[in-house]
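S.K.: Next input, structure requested:
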Amino acid sequence: MEHNERHIINEVLDGKTNSFAYFVEQYSQQIYSLIIGMVENKEDAEELTQDTFLKAFRSLASFNTDSKFSTWLYRIAYNNTVSHLRRRTKEQLPMDERLFDNIRDEDVDKALDDDNNPQIEKLYRAISKLQADEKVLITLFYMEEKPISETANILGISESNAKVKLHRTRKKIYLLMKDDEFEKE
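M.R.: Numbers count the residues shown, from 1 in each chain. Modelled structure (predicted):
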């Protein structure tokens, strides 16, 4: 963690609560982007972003300054959003993961690396059909380019579990893109 952020945390804990505005300014757009990818509703995302910063402020004394503040904040945002989604559960049909065994990684790579407009549109439609935890995994690793170790830490899972989930989610996206292709015919 930057020395500056550690200093700001100490200021806030010493009663200079206005210093917390630094964290809001520094991270609010990133936290909002993470949340909007999970809830797909602007109003909910704005409210959950505010809740995240409020929870972070209230529990700042429990922050371990040996860790990165941003990772800790992302974890709060993720957990807060997952809790919100559980309260509003909309049942999603699980995909039979045995289908993944028949998909070659080369086919997935080729489909996901294709950057023509129709393919990109299919990719975004497929991502929108993912479950919240899958969306956040894709968002953190590919869109925000977080290392797998930090992504795993934010999600509260091991690195190896994050790698497995990422691999399965890529295959799920591939299948959803194929379904999308089939539905358009």
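
S.K.: Let me know the distance separating the residue most central in space within the chain from residue 54.
M.R.: Centrality entry for the chain: nearest residue to the mean C-alpha point is residue 136, 2.4 Å, by C-alpha atoms, centre = their mean. Using C-beta to C-beta, to the nearest Å, we find residue 136 at a distance of 20 Å from residue 54. For the C-beta atoms, the positions are set from N, CA and C on the backbone; glycine is no exception.

S.K.: same thing with residue 7?
M.R.: 22 Å.

S.K.: for residue 23, same thing?
M.R.: 12 Å.

S.K.: which of the two has more neighbours?
M.R.: residue 23 (21 against 12; other C-beta atoms under 10 Å).

S.K.: Check which helix or strand the more buried one maps to.
M.R.: Using DSSP states H and E, residue 23 falls within helix 21-39.

S.K.: Then residue 161?
M.R.: helix 159-184.

S.K.: per-residue confidence averaged over that helix?
M.R.: For helix 159-184, mean pLDDT rounds to 82.

S.K.: who are the neighbours of it, in terms of helices and strands?
M.R.: helix 105-113, helix 117-128, helix 132-138, helix 148-155 (3 or more C-beta pairs under 8 Å, 6 or more residues apart in numbering; DSSP states H and E).

S.K.: what would the ones you listed look like in a markdown table with mean pLDDT and distance to residue 37?
M.R.: Formatted as a markdown table, these follow (pLDDT from 0 to 100; distance: least, C-beta to C-beta, whole Å):
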| stretch | mean pLDDT | distance to residue 37 |
| --- | --- | --- |
| helix 105-113 | 75 | 17 |
| helix 117-128 | 81 | 8 |
| helix 132-138 | 86 | 5 |
| helix 148-155 | 91 | 13 |
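
S.K.: tell me the domain ranges of the chain?
M.R.: 3-87, 97-184 (automatic domain parsing).

S.K.: Surely residue 22 and residue 8 touch.
M.R.: Yes. Assessed by C-beta atoms under 8 Å, residue 22 is found in contact with residue 8 at 5.2 Å.

S.K.: more neighbours, those two?
M.R.: Between residue 22 and residue 8, counted using other C-beta under 10 Å, residue 8 has the larger neighbour count: 19 against 16.

S.K.: Does the closest residue to residue 150 other than its chain neighbours lie in a helix or a strand, and which?
M.R.: Setting aside the residues directly before and after it, residue 150 is nearest to residue 71 in space (C-beta to C-beta, 6 or more residues apart in numbering), at 5.5 Å. If you go by DSSP H and E, residue 71 is part of helix 69-87.
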